[in-house]
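Undergrad: A structural model of the following input is requested.
(chains A and B)
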Amino acid sequence: MVRTALFNWAAARHTHGTFVFRIEDTDNARDTQESLDQIIEALEWLGITWDEGVNVGGPDGPYFQSQRTDIYKDVAQKLFDAGYAYESFSTSDEIAERNKAAGRPAAFGYDGYDRTLTDEQKAAFRAEGRKPALRIKMPDEDIAFDDLIRGRIEFKAGSVPDYVIVRPNGDPLYTLTNPVDDALMRINVVLRGEDLLSSTPRQIVMYDYLKKIGVAQVTPLFGHLPYVMGQGNKKLSKRDPESNLFLHREHGFIREGLLNYLALLGWSIGPDRDVFSMDEMIEKFDVRDVKANPAHFDIDKATAINAEHIRMLTEDDFLRRSVPYLFKDGVVSADNWDALTGHEREVLTAAAPLVQPRVRLLGEVSGMVASLLSDDEYIAPAPDARKQLKASADEVLTLAISTLSEVPEEEWKTDHLHELLTTALVEEGGYKPRLAFGPVRVAVSGRRVSPPLFESLQIIGKDVTLARLTNLQKNL
RNA sequence: GCCCCCGUCGUCUAAUGGUUAGGACACCAGACUUUCACUCUGACAACGAGAGUUCGAUUCUCUCCGGGGGUACCA
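TA: Have a look, this model is predicted:
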């Protein structure tokens, strides 16, 4: 759904068209305020903006179909008066029974029975208290159109049954409202999921009728986007975690990364290239270049693309965007940069260049900087970090503690510390670098993966460093 | 059943009537690094099958196979 919005948006921006956002809430049972809010929040977060429609207005409103019933009633009446639609009294049970009796498969669909009802028959149905639905009369000929993505598509005559546009109770259906609104809102390009492909011939016919009764000027161009697949060979649905935008955001996707990845699903900006900005996408995007075959959502690739975009952020931007994640993880005191303490900002600013190149999601920042921000005197090593502590850890820590105790506060600097420890542990102590620095890193960060060691030592300072080394040694 | 769509490495894709079929992610090996990450080098890996057109098909056509969607008084 987001990918569809993205392609529509990119196509509209590329062609300097008008992007219209309309809500098709004709099935009010399943359209909730909550789902609308989520859609809007998602688009806003992504920066996908529209020119006319919900919340922004425009010349062809209202943009909620639930507020346009009078319009649909009027058009339905015109279609009926012109003879393009007719009253249908058949219930689905009756249709199924007739199909069965005639030896047709159950899935054959509507048989056109009510097309030829006489006035007497209709009157009889009404006398029974039955009310008619309104059906569109499909012509007995092949229907073809040129899909923007798939080329010419032809449907054989007779393969699309007459379809209902208004329920017996007067409720208009999507089959009517969608083409009517597209006509009234002067939509000339429709990009939608390929699941709507087989309903397109019905709409082609509808446009012909709408033109004849003066409601539509043109038939829009259609482009049917391929699905995005999830696990196995199933279309991604709203329930799948992969399609949950907010979940991705929670994990630390930034909009640039997610948008870039989504764009890659069915489209390519050019040979040997897959990282780009939305401005570049708009500049290059042409629906006709979209591939027709479905793509699988690959979270690993998405994450890798996200990492590229995180690295492209300015340091300041990176920090500001990270703060909400840090706050959520209890690592800092506020959820926005300006409300942080001076100490927090100082530490984070120092840590940024160390952390930014090694996270792929903003959610990973907390783990990287937690030990730098905290003044705890002991950090229990994570299990995988503890595994890195070899038998020599105890001796190494002793040596490190005695070496570092000697360092005056004013000389507690990255390069100096590096030099001192290398001399004491590696050159004089005879330990391999891996064995020498491993225990120190685990003591200071508690993790197997951490920002560079000596920079970290400088950031947390002498007292905390020594305390952590001492306490790890006690807890070996 | 009928109608429609789709088919290049595991995944996303590029290109082409004649190429060693390219890139990215993932994976594996190596270099760098105190670890991890970043970066770099290398390895692995694809035109679904069969006919036809052609001097030559991954590319054009057809058939088949495989996958998907539709066949609603849902959208």
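
Undergrad: quick one, phi psi at the nearest residue to A:Gly58 once chain neighbours are set aside?
TA: Nearest residue to A:Gly58 in three dimensions, chain neighbours excluded: A:Glu52, at 3.0 Å (C-beta to C-beta, 6 or more residues apart in numbering). Backbone N, C-alpha and C define where each C-beta goes, glycine included. Here is the backbone geometry of A:Glu52 (degrees, to the nearest 10): phi -140, psi 150.

Undergrad: cool, and A:Leu134?
TA: phi -110, psi 130.

Undergrad: Likewise for A:Phe19?
TA: Dihedral angles (degrees, to the nearest 10) for A:Phe19: phi -90, psi 120.

Undergrad: what sits against it?
TA: A:Phe19 makes contact with A:8-9, A:12-13, A:49-52, according to C-beta atoms under 8 Å, 6 or more residues apart in numbering.

Undergrad: Would you agree the residue nearest to A:Gly58 is in contact with A:Ala12?
TA: No: A:Glu52 is not in contact with A:Ala12 according to C-beta atoms under 8 Å; the separation is 10.5 Å.

Undergrad: what sits in contact with each of these two?
TA: A:18-19.

Undergrad: low-scoring pLDDT stretches of the stretch 1-150 of chain A, where are they?
TA: Counting by pLDDT under 70, the stretch 1-150 of chain A contains low-confidence ranges at A:28-31.

Undergrad: can you map out the helices along it?
TA: A:2-14, A:33-46, A:69-81, A:92-101, A:119-127 (DSSP state H, counting those that start in this stretch).

Undergrad: all strands of the stretch 251-400 of chain A, in order?
TA: Using DSSP state E, counting those that start in this stretch, the strands assigned to the stretch 251-400 of chain A run over residues A:295-296.

Undergrad: Within range of RNA strand B, give me the residues from it.
TA: Residues of the stretch 251-400 of chain A lying close to RNA strand B (C-beta under 7 Å from any atom of the strand) are A:264-268, A:271-274, A:289, A:291-296, A:298, A:300-301, A:304, A:307, A:311, A:357-359, A:388.

Undergrad: If we use 6 Å, what do you get?
TA: Listed as neighbours of RNA strand B in the stretch 251-400 of chain A under the rule C-beta under 6 Å from any atom of the strand: A:264-266, A:268, A:271-272, A:274, A:291-293, A:295-296, A:298, A:300-301, A:304, A:357-358.

Undergrad: Of these, which belong to helices?
TA: Of those, the ones assigned to helices by DSSP state H are A:264, A:300-301, A:304.

Undergrad: Now pLDDT and neighbour count too, for the residues you listed, in TSV please.
TA: Shown next, in TSV, are those (pLDDT from 0 to 100; neighbours: other C-beta atoms under 10 Å):
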residue	pLDDT	neighbour count
A:Leu264	96	19
A:Asp300	95	8
A:Lys301	96	14
A:Ala304	96	15
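
Undergrad: what's the closest of the helices of the stretch 1-150 of chain A to A:Leu173?
TA: Closest approach to A:Leu173 among the helices of the stretch 1-150 of chain A is made by helix A:69-81 (9.0 Å; C-beta to C-beta).

Undergrad: contacting residues around the closest one?
TA: With C-beta under 8 Å, 6+ apart as the test, helix A:69-81 has contacts from A:65, A:85-87, A:134, A:136, A:165-166, A:170, A:172, A:176-177, A:180, A:184, A:209-210, A:213, A:215.

Undergrad: out of those residues, which are buried?
TA: A:65, A:85-87, A:134, A:136, A:165-166, A:172, A:176-177, A:180, A:209-210, A:215 (16 or more other C-beta atoms under 10 Å).

Undergrad: Around RNA strand B, pick out the residues from the stretch 51-200 of chain A.
TA: Contact residues, the stretch 51-200 of chain A versus RNA strand B (C-beta under 6 Å from any atom of the strand): A:91-92, A:105, A:107-110, A:133, A:150, A:153-156, A:159, A:164, A:167-168, A:173-174, A:194-199.

Undergrad: and with 7 Å instead?
TA: Checking the stretch 51-200 of chain A against RNA strand B by C-beta under 7 Å from any atom of the strand, the hits are A:88-92, A:95, A:105, A:107-110, A:133, A:150-151, A:153-156, A:159, A:161, A:163-164, A:167-169, A:173-175, A:178, A:194-199.

Undergrad: since we're on the closest residue to A:Val228 other than its chain neighbours, how many residues are nearby?
TA: Leaving aside its chain neighbours, A:Val228 sits nearest to A:Leu236 (4.9 Å; criterion: C-beta to C-beta, 6+ apart). As a burial measure, A:Leu236 scores 21 neighbours (other C-beta atoms under 10 Å).

Undergrad: The one 4 residues further on now?
TA: For A:Asp240, the number of neighbouring residues by other C-beta under 10 Å comes to 16.

Undergrad: Disregarding flanking residues, what is the spatial nearest neighbour of it?
TA: Using C-beta to C-beta, 6+ apart and skipping the chain neighbours, the partner closest in space to A:Asp240 is A:Gly230 (4.7 Å).

Undergrad: okay, the one you found: pLDDT?
TA: Model confidence at A:Gly230, given as pLDDT, is 83.

Undergrad: Quick one: residues contacting it.
TA: Applying C-beta under 8 Å, 6+ apart, we find A:Gly230 in contact with A:236-237, A:240, A:242-243, A:296-297.

Undergrad: most surrounded residue in those?
TA: A:Leu236 (21 neighbours).

Undergrad: pretty sure it is touching A:Pro226, no?
TA: No: applying C-beta under 8 Å as the test, A:Leu236 and A:Pro226 come out as separate, 11.6 Å apart.

Undergrad: re the thing from before, now do the residue nearest to A:Asp240 against A:His296, distance only.
TA: Distance of A:Gly230 to A:His296, computed by C-beta to C-beta, to the nearest Å: 7 Å.

Undergrad: Please report the distance of the spatially most central residue of chain A from RNA strand B.
TA: Closest to where the C-alpha atoms of chain A average out (C-alpha atoms, centre = their mean) is A:Leu245, at 4.2 Å. In this view, A:Leu245 and RNA strand B are 18 Å apart by C-beta to the nearest atom of the strand, to the nearest Å.

Undergrad: which residue sits closest to A:Tyr84, ignoring its sequence neighbours?
TA: Nearest residue to A:Tyr84, sequence neighbours excluded (C-beta to C-beta, 6+ apart): A:Tyr209, at 4.2 Å.
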